[in-house]
Every structure is written in structure tokens, then in C-alpha cells.
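Asks: Fold the stuff below for me.
(one chain, ligands or ions: 3)
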Amino acid sequence: AATAAHEGHAVPDGAAVPSELMPDTAIPGGMPLRPLVRLPNRSRRSGLFRARLVAAPTVVEMVPGVKTAAWAYNDSLPGPLIDATEGDIVEILFINRLPSATTVHWHGLPVPPDQDGNPSDPVPPGAERLYRFTLPEGSAGTYWYHPHPHGSTPEQVFRGLAGTFIVRSRHDPLAHLPEQHLVISDLRLARNGAIPDNTELDWMNGREGQYVLINGQREPEIRVRGRQRWRVWNACSARYLRLSLGGRPFWLVGTDGGLIGAARRMTELLLAPGERAEWIVDAPDTETKLIALAYDRQKMGDVGPERDIVIATVKGVSGDAGAIPDTLRPVPALGEPASRKRVQFSETMSMENGRHEMKFLVNGKTFDMARIDLVSRRGRIEEWDIVNASHMDHPFHLHGTQFQVVERVRGGRAVPEPFLAWRDTVNLAPEETVRIRVVQAFAGIRMFHCHILEHEGQGMMGQLRVE
Ligand code: C2O
Ligand code: CU
Ligand code: CU
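Replies: Ligands and ions are numbered 1, 2, ... in the order given. So this is what the prediction gives:
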């Protein structure tokens, strides 16, 4: 059981994408954006967040009159929002009513390794377990949770298991702004309403569906009164989101691990699978669109503006434009590293059983739960060179902590990162090296992997042991 369940998938020669797909507009659009369902805190004690989270099969009606069998947390798609505060103790009683083993991984949160839903720590079908951890000071940010079972993360996520987690600071300089939450996910539906299995092509390129949903809705309408703070999650298995508000400027104020030093004006932002961002958005004077601009992940040069996807309509309502402070919060640079590491992502084509198979590798190997790939020391600053020796983009993700990107090296040229930010996921363009600085706070085993879930699922993942 030490090798990934989906290692080495055959390269198809014909059309492997199911032809019997639900039409693109079968899910009705244009409805007002629904707020996320919240996970109620059952504790009366301040400083304690206590709740129950149940993963179970459910039936939803995405297309009117058509039943879709999905898997969900607390029957909610996306899963309920956990909204907690720095310093809180979090106790989640997790109940697995799925027909398979699963885990709950707290993506980006600094939780101890034995509470982080590692693949080596499954919750069997019918079982329950308590996840318990403390949210340290400084951890305010935008996180999410999803299953991380050995070999089947992709299926469990594309059937609907993923939810959001916000950690708040008591000294939040943007607390005066109303918030809007946008969980962007991807869904493929067959014509009969079923969520189909991955094809061989999905295992290679990552799965994309015909629908890009926000909070489970197709092309919702978002109303911005005055000025809003948006938290945006890329919860897609493999889809890159190059987001634009029809060319209008917005402000980037936060990344995965919370606020950056100062707001940065932008007109588009690339969010790789797994990444999150915080924006400040002003009410547009005329209706505008939130667009996922075409993105050429495989650098085949075959992606033009005809591949842009409108994912929401944005309407402005006049109201208060709360001020954006000049400084948001200090992001102190991690100091000189005491040690260095190198992680290389690559792909290889091999001939197996008379078929060509594509394999995705980390430092030349596929995942093995019995193997430790790298060793770190608790509290030590390290610099990691993450090298993409493959021909497509891959988002690198490391568990347990937030890191800082120092520079990116492309074609032999090092470009210093323009601003400091806390991240747990960073995109690697083909032939690019991203240099990060990182410190782990807990001893134990941490995963690092590509966040295209099909790549993770077939073993583009390694284990770090922190001593
Ligand atoms: Cu969101 Cu190991 O993943
Ligand atoms: Cu993670
Ligand atoms: Cu990948």
C-alpha cells in the first residue's frame, strides 16, 4: 500500500473526455451570490470553537429536475465556513459516513502534524475522530480544508468535499469593510447528472469541468455596495484562475496566510489551484464581469481570448467607501537560511505494458508513504529551491506553515519577488525555479506536493520529517 493508487496513467490516443456532458448552460445562472453556509460554534466558552463535521453522500439538484449524487461536508456544497479567531482552540468532531476512508486536512493552517489529516492517518468509513488544535497569534488568514486520503484526494474533492476556514485577528485593519466570500470550484456533470470519474487525460493534465462555480453557483450576480473586502479561494482541482474584473483595478491586500504589508493595485491576478487572495473591490459604476482569462498552462500557445470564461456579474451600489489604511500589517522578512534544500518537479514518459505512461515526479520519484524525502529541524530557517523541470505549470504546496517567496529564476535570470507575503502554495512556471524561505514550528511529518489534485493523487508528493 506504499505506492499511489493512480501511479502512471496511460496516455490516451483518442478523445478521452466524455462526450455525454450536460450542456454548459444547464445550471441556471444570474442568481444573487449566496453567502457561505457557516459551521455553528457549539461552544459557549470564549476562545473555544467546537463543532461537528460530517462527510457523507448527498443528493443535490444542480440542474433543475436532475439529481446529482455528490459527497459533502454537513450536506453543504461548498462545505461550511469555519470562522474563528486567533488564539482560539478548535475542536472538530469529524464523522466519516462515506463508503471510503478519508482525512480532513487543514490546508495552510499551522496545526500539529498529527492533527493535519495526513494520508498516513485515515479515518475509516463509519469512524469518527476529534481534530484539535490552537490557532496561534499571527495566523489570521484565508484557509480551507479538504480530504487528503492516500491516492483518492482528487475523487473526494471533485465529488464535493472542500470547505473554507477563516482565521481573524482582533486587530484587523480592514475589519470595517463588509466581506464577500468567493469559493471558486470546478464541476463536471454528465448528461444524466452524474459526476463522472476521471479520464486518463484528467490524470495527466488535471481535471477541469464544464462549469466554473462560485459558492456552488454558475455565473452569480455579485453586488458591491461602496467598497468590499473579497476573499477568493481557488478550490479547483486543476484549473488556473487568471482573474480580472473586466480590466478594472482592484487592490490585492492579502495572500494565503493573511494580509500583506500594503495594498497593491492590480488589474488581474493569477490564482493557481489551492491559492487564496484577499482583494478590495470598489463598486463599479457600470455592470462588469468577473472573468477567468484564458491561461496557457501547458505553454502550447493554443489559448486565445475565446477561451475566457465569465464567472460572475458584478454590479455596483453606491455606499460607503471605507478607507484603505496605508499599511496593513508588518510582514517581516525571514532571515538568512541555516540550511538549503532542493525540490524538483518533473515528468517522464515511460513504456509500461505496451502503453505510454506519463509519470509526475518529485526529485525523480513518486510518492511512497514509507519513505522520508527530506529532513528539517524545528525552528530553523531554510531556503528551498523549487525547480520545475517539466513542460507545464505546477502549483507547489507545503503543509504546516506559511513561507515567503524570495525570488524566481527563469532563463538564468533571478527576479526578486516584488513584495513580501505569506503563502503556502506557489505556482511554478515551466523551467522556472522559485526560491522560498520557510520555518517549521512542529516536529513530525509534513507533505509537500503539486496541488493539481490528479498529480498529487498519482504521487507527485514527498514527505518532510521535521525533527
Ligand atoms: Cu490542499 Cu496537501 O493540500
Ligand atoms: Cu495543504
Ligand atoms: Cu502538477
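Asks: Report the secondary structure element holding the residue most central in space within the chain.
Replies: The centroid of the chain falls nearest to Gly274 when counting by CA atoms, centre = their mean (1.7 Å). Here Gly274 sits in a region with no helix or strand, counting by DSSP states H and E.
Asks: Tell me how far the closest residue to it other than its chain neighbours lies from Ile222.
Replies: Nearest residue to Gly274 in three dimensions, chain neighbours excluded: His451, at 3.6 Å (CB to CB, 6 or more residues apart in numbering). From N, CA and C alone the C-beta is placed, and that goes for glycine too. As judged by CB to CB, to the nearest Å, His451 and Ile222 stand 26 Å apart.
Asks: Then Arg355?
Replies: Distance from Arg355 to Ile222, by CB to CB: 46 Å.
Asks: Same question for Ile195.
Replies: 26 Å.
Asks: ditto for Gln440
Replies: 38 Å.
Asks: and those two? which has more neighbours close in?
Replies: Using other CB atoms under 10 Å as the criterion, Gln440 and Ile222 rank with Gln440 on top: 24 against 20.
Asks: so that one touches Arg446, yeah?
Replies: Yes. Shown here, Gln440 and Arg446 form a contact pair, counting by CB atoms under 8 Å, at 6.7 Å.
Asks: Could you tell me which residues touch both of these two?
Replies: Residues touching both Gln440 and Arg446 (CB atoms under 8 Å, 6 or more residues apart in numbering) are 400, 464, 466.
Asks: Let's see which of those residues end up in strands.
Replies: Of the shared contacts of Gln440 and Arg446, the ones assigned to strands by DSSP state E are 464, 466.
Asks: buried subset of the shared contacts of Gln440 and Arg446?
Replies: 400, 464, 466 (16 or more other CB atoms under 10 Å).
Asks: Turn those into TSV, including distance to Arg413.
Replies: Listed next are those as TSV, based on distance: CB to CB, whole Å:
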residue	distance to Arg413
Gly400	31
Leu464	29
Val466	33
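Asks: Nearest residue to the residue of the chain found nearest ligand 2 in space, ignoring adjacent ones along the chain?
Replies: Nearest residue of the chain to ligand 2 (CB to the ion) works out as His107 at 3.7 Å. Using CB to CB, 6+ apart and skipping residues adjacent in sequence, the residue nearest His107 is Trp144, 5.0 Å away.
Asks: If you count contacts, what does the helix or strand harbouring the one you found end up packed against?
Replies: In this assignment (DSSP H and E), Trp144 forms part of strand 141-146. If you count contacts as 3 or more CB pairs under 8 Å, 6 or more residues apart in numbering; DSSP states H and E, strand 141-146 packs onto strand 105-107, helix 153-158, strand 163-168, strand 227-234, strand 258-266, strand 276-282.
Asks: which other helices and strands contact the fifth one?
Replies: Using 3+ CB pairs under 8 Å, 6+ apart as the contact test, the elements touching strand 258-266 are strand 141-146, strand 250-255, strand 276-282.
Asks: in the stretch 101-250 of the chain, which spans are strands?
Replies: Counting by DSSP state E, counting those that start in this stretch, one finds strands in the stretch 101-250 of the chain at the ranges 105-107, 128-134, 141-146, 163-168, 179-187, 211-214, 217-218, 221-225, 227-234, 241-244, 250-255.
Asks: Could you spell out the sheet neighbours of the third one, each with its direction?
Replies: Here strand 141-146 is paired, per DSSP bridges, with strand 105-107 (antiparallel), strand 163-168 (antiparallel).
Asks: Just want the angle from the last one to strand 227-234.
Replies: Per axes from the mean of the first three to the mean of the last three CA atoms, to 10 degrees, the angle that strand 163-168 makes with strand 227-234 is 140 degrees.
Asks: Work out the gap between strand 163-168 and the centre of the chain.
Replies: Centre-to-centre, strand 163-168 and its host chain are 12 Å apart (CA atoms, centre = their mean, to the nearest Å).
Asks: what's it in contact with?
Replies: 36, 39, 53, 73, 76, 78-86, 106, 109, 135, 139-146, 181, 183, 231, 233, 258.
Asks: For the stretch 301-450 of the chain, list the residues in contact with ligand 2, please.
Replies: His399 (CB under 5 Å from the ion).
Asks: Show me which residues of the stretch 301-450 of the chain sit near ligand 3.
Replies: 394, 450.
Asks: need the strands for the stretch 301-450 of the chain, in chain order.
Replies: Under DSSP E, counting those that start in this stretch, the stretch 301-450 of the chain gives strands at 309-317, 339-352, 355-362, 374-376, 382-388, 394-398, 404-410, 413-416, 425-428, 432-438, 444-450.
Asks: Deepest-packed of these, please.
Replies: Mean neighbours per residue, mean count of other CB atoms under 10 Å, is largest over these for strand 394-398, with a mean of 25.
Asks: tell me the domain boundaries of this protein?
Replies: The chain resolves into domains spanning 9-168, 179-317, 339-466 when parsed by automatic domain parsing.
Asks: so who does Ile324 touch?
Replies: So Ile324 contacts 174, 227, 251, 253, 263, 280 (CB under 8 Å, 6+ apart).
Asks: Can I get these in CSV including distance to Gly216, pLDDT and neighbour count?
Replies: Shown next, in CSV, are the contacts of Ile324 (distance: CB to CB, whole Å; pLDDT from 0 to 100; neighbours: other CB atoms under 10 Å):
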residue, distance to Gly216, pLDDT, neighbour count
Leu174, 26, 98, 20
Arg227, 26, 97, 19
Trp251, 27, 98, 19
Val253, 25, 98, 25
Ala263, 29, 98, 21
Ile280, 24, 98, 20
